[in-house]
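> Predicted model, plus sequence, below.
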Amino acid sequence: MSRLFSGDRLQQKIEVELKDAKKIIFISAYITEPAIRWLSEKIRPVADVTVIGRLTPHDINCGSSDIAGMEQILSNSWGLRCLSNLHAKIYSIDDRVIFVGSANLTSNGLKLYGQGNLEACSEIPPDQENLDFIDQIKSSALSVDQKTLSKMKDFLDANPISLNSVDCPHWPADVLPENKDVWVTDFLWTVPDSLTENEDESVEHDLAMLQISTPISRESLSNALRQSKCFKWLIRKLENSKRDSIRFGELTQALHSDLKDDPSPYRRNVKQLLANLLAYCQEYAIDQITIGRPQHTQVVSLRSANEKPI
């Protein structure tokens with residue numbers, strides 16, 4: 001039976017497993033230099049190490065992740081990868097032990113110094129499904145090399161004030177092209193208005209995915225929606241359609257095919273994910289998306305430039 005343990009206990013368990021480790025994949029939304037320095041001191045130079053973080057401009061600008069940690073990873077000749085919708089914290093060592101939980105690869109997450117955060121972690125079996133899930137995250141993440149990191153630093157230096165989560169949730173394409181793969185976590189788990197009415201897991205997910213915080217304005221939510229991967233996925237489907245519109249059933253099938261989550265039984269209801277997205281579009285992007293119901297079936301299309309919302 002899996003038992004919960006704290007971030008400092010996770011640190012101790014990882015240190016034991018790292019002594020003779022050859023393959024290390026650490027996945028963490030946030031990454032900071034003290035944790036990377038700690039990791040550098042605990043592993044053998046010959047180990048194959050990959051670190052995957054969210055690493056958005058906002059995360060770095062507000063200090064949740066830092067450039068120094070990224071520089072240390074690359075100077076160690078480790079693999080560094082970036083996934084803009086990442087929220088998971090997974091520590092995989094030699095495909096034989098996997099730790100998961102709330103602890104980020106940071107000083108506070110692992111309680112390296114001082115009081116740190118109160119985290120909840122556990123060990124899960126390294127079965128093939130779990131290993132495949134980790135491999136999928138790795139393959140979906142974009143590689144960051146020294147040249148890319150230099151572009152990130154130049155962009156941050158040129159935009160020192162405006163990098164809030166609404167203005168810049170992702171890197172510009174000339175810095176880091178956006179990965180177009182979509183996962184369940186890229187879609188909205190709530191319906192409009194519920195973001196300000198509840199405080200459950202779905203609300204927390206949507207706020208993190210949209211990279212917005214409360215209190216929420218209509219403008220900030222509209223801007224965040226249009227920057228989200230799920231909205232961009234819908235726009236691509238509509239732009240690539242051979243017809244002027246797509247029926248709800250066709251979009252559902254397309255989403256089934258495009259979602260990278262596997263195995264499928266772990267997916268949330270795909271119809272509900274699509275219904276949530278369309279509800280948000282109807283509320284916050286009516287100038288771009290039109291949704292009709294001929295013969296009681298939802299039909300979605302792009303609104304033409306000269307077509308005014310009703």
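Right, received. Where do you want to start?
> would you list every one of the strands in the stretch 201-310 of the chain?
245-247, 289-292, 299-302 (DSSP state E, counting those that start in this stretch).
> okay, those, which one's buried deepest?
Mean neighbours per residue, mean count of other CB atoms under 10 Å, is largest over the strands of the stretch 201-310 of the chain for strand 299-302, with a mean of 18. For the C-beta atoms, the positions are set from N, CA and C on the backbone; glycine is no exception.
> so what secondary structure elements neighbour that strand?
Applying 3 or more CB pairs under 8 Å, 6 or more residues apart in numbering; DSSP states H and E, one finds that strand 299-302 contacts helix 229-240, strand 245-247, helix 248-258, strand 289-292.
> What are the contacting residues of it?
Counting by CB atoms under 8 Å, 6 or more residues apart in numbering, strand 299-302 makes contact with 234-235, 238-239, 244-248, 251, 278, 288-293, all of which sit outside it.
> distance between the ends of stretch 215-231?
Start-to-end span of stretch 215-231 (CA to CA, to the nearest Å) is 22 Å.
> Next, the buried residues of it.
S220, L221, S222, N223, A224, L225, Q227, S228, K229, C230, F231 (16 or more other CB atoms under 10 Å).
> and if you look at stretch 105-115?
Across stretch 105-115, burial judged by 16+ other CB under 10 Å covers L105, T106, S107, N108, G109, L110, K111, L112.
> got it, and stretch 22-31?
I24, I25, F26, I27, S28, A29, Y30, I31.
> do stretch 122-135 as well
Quick answer for stretch 122-135 (16+ other CB under 10 Å): E123, P126, N130, L131, F133, I134.
> which residues does the fourth one contact?
Yep, that's L131 we're talking about. S92, D95, I98.
> By neighbours, which of these wins?
S92 (25 neighbours; other CB atoms under 10 Å).
> A helix includes it, no?
No. Read with DSSP: H, G, I helix; E, B strand; the rest coil, S92 is strand and lies in no helix.
> Spatially nearest residue to it, not counting backbone neighbours?
Nearest residue to S92, sequence neighbours excluded (CB to CB, 6 or more residues apart in numbering): I25, at 4.4 Å.
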